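Asker: Provided below for reference: sequence and predicted model.
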Amino acid sequence: MVAEEFADQAPNLRPETVDTVNYPSRAEAIAAVEAREVYGAVIIDTEVEVIIASAENAAVADKIRALGNRKLLQLARAKGDDVPEVVLTDVAPWPTENPRGSVLASSALPLVISGLALGALAAFRTTSSLLQWLLIAGGSLLTGTAFAAVLGPVLGVLPANLALSSLVIAGLHAACASALLGAHRLAGIFGFSLVGGSIALLGDPLGGMPQPGGSYPEFWANLVHSMPLSADMELLKRIHFFPAAEVSSQWTVLGWWIVAGVAAWFLGVLTRKKEIEQRGKHQAEITSLED
């Protein structure tokens with residue numbers, strides 16, 4: 001398909017980010033869609049077939065379908081034939097309980113709020129360092145399992161592996177809570193507010209169910225993919241609807257947020273220890289002068 005034509009069909013995409021790839025066979029085109037390498041495909045032969053993955057992005061799937069109809073009309077006019085129906089193949093459809101992905105999108109805010117609440121509980125209501133990290137670990141697994149059960153067996157939004165869904169959501173909560181606890185230990189309420197605000201105010205609107213990367217300038221696209229919520233929602237979609245797609249980059253994002261939180265926590269502990277030592281030395285000097 002022609003990149004400019006697709007950009008016309010999808011005005012929210014920047015034209016310079018739209019590109020086309022030619023595949024020698026239908027099977028290879030479908031494999032590329034299933035691996036999240038392309039949004040979809042239009043196969044033009046004796047008939048026009050549109051390959052889409054609505055779970056990738058329902059709006060983009062609609063645009064690809066519209067482009068297929070456009071190509072079909074052009075082909076029919078060239079042959080002087082009546083316009084037949086386009087053959088539509090959806091290789092990654094949403095479940096019937098969530099036909100446009102809206103239920104999963106609406107779960108983004110409760111998911112991120114739960115992670116932030118867990119971090120706040122660890123930072124402000126738990127004094128023991130060991131209990132703080134046990135709370136984050138145990139709480140993440142508990143809330144992850146609860147959310148996965150609701151989105152999976154109860155609502156039918158996530159139709160596949162319940163255990164893996166629980167682990168993915170637990171990863172989001174652990175990433176948010178660890179980052180908040182580390183920021184609070186290192187920089188107090190200022191650090192807590194800065195990190196929490198970034199995750200809530202940037203991570204939720206940009207990362208809940210992000211538009212395709214081409215919808216954003218490069219800086220914002222990179223920011224979207226670096227947020228824990230964006231990585232988590234992408235992971236959920238890939239493990240349930242695109243099992244052939246790689247998931248290492250999304251796990252890496254969640255892992256780095258956890259590592260960053262732990263590192264900030266240890267740095268805060270060391271900083272606090274040095275401050276106490278300096279105060280002790282200063283107090284000893286005052287006492288010696290008084291003597």
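Answerer: It's in.
Asker: for the stretch 1-150 of the chain, what spans make up the strands?
Answerer: Under the criterion DSSP state E, counting those that start in this stretch, strands of the stretch 1-150 of the chain are mapped to 41-44, 48-52, 87-90.
Asker: tell me the most buried of the ones you listed?
Answerer: The highest average neighbour count among the strands of the stretch 1-150 of the chain, using mean count of other Cβ atoms under 10 Å, belongs to strand 48-52 at a mean of 23. The way it works is simple: take the backbone N, C-alpha and C, and place the C-beta from them, glycine included.
Asker: and it, what other elements does it pack with?
Answerer: For strand 48-52, the helices and strands in contact under the criterion 3 or more Cβ pairs under 8 Å, 6 or more residues apart in numbering; DSSP states H and E are helix 26-34, strand 41-44, helix 58-79, strand 87-90.
Asker: would you turn the ones you listed into a markdown table with mean pLDDT and distance to Val259?
Answerer: Putting those into a markdown table (pLDDT from 0 to 100; distance: least, Cβ to Cβ, whole Å) gives the following:
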| stretch | mean pLDDT | distance to Val259 |
| --- | --- | --- |
| helix 26-34 | 91 | 31 |
| strand 41-44 | 82 | 38 |
| helix 58-79 | 72 | 33 |
| strand 87-90 | 87 | 38 |
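Asker: Need the residue closest to the centroid of the chain.
Answerer: Averaging the C-alpha coordinates of the chain gives a centre point, and the residue nearest to it by Cα atoms, centre = their mean is Ser230 (2.1 Å).
Asker: Quick one: the helices and strands packed on strand 48-52 as TSV, columns for distance to Pro110 too.
Answerer: Formatted as TSV, the entries for the helices and strands packed on strand 48-52 read as follows, by distance: least, Cβ to Cβ, whole Å:
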stretch	distance to Pro110
helix 26-34	30
strand 41-44	35
helix 58-79	21
strand 87-90	28
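Asker: Of all the ones you listed, which one is nearest Gln278?
Answerer: Distances from Gln278 to each of the helices and strands packed on strand 48-52 were compared using Cβ to Cβ; the minimum, 57.4 Å, belongs to helix 58-79.
Asker: I figured Val157 hits Glu97, correct?
Answerer: Yes: Val157 is in contact with Glu97 according to Cβ atoms under 8 Å; the separation is 6.2 Å.
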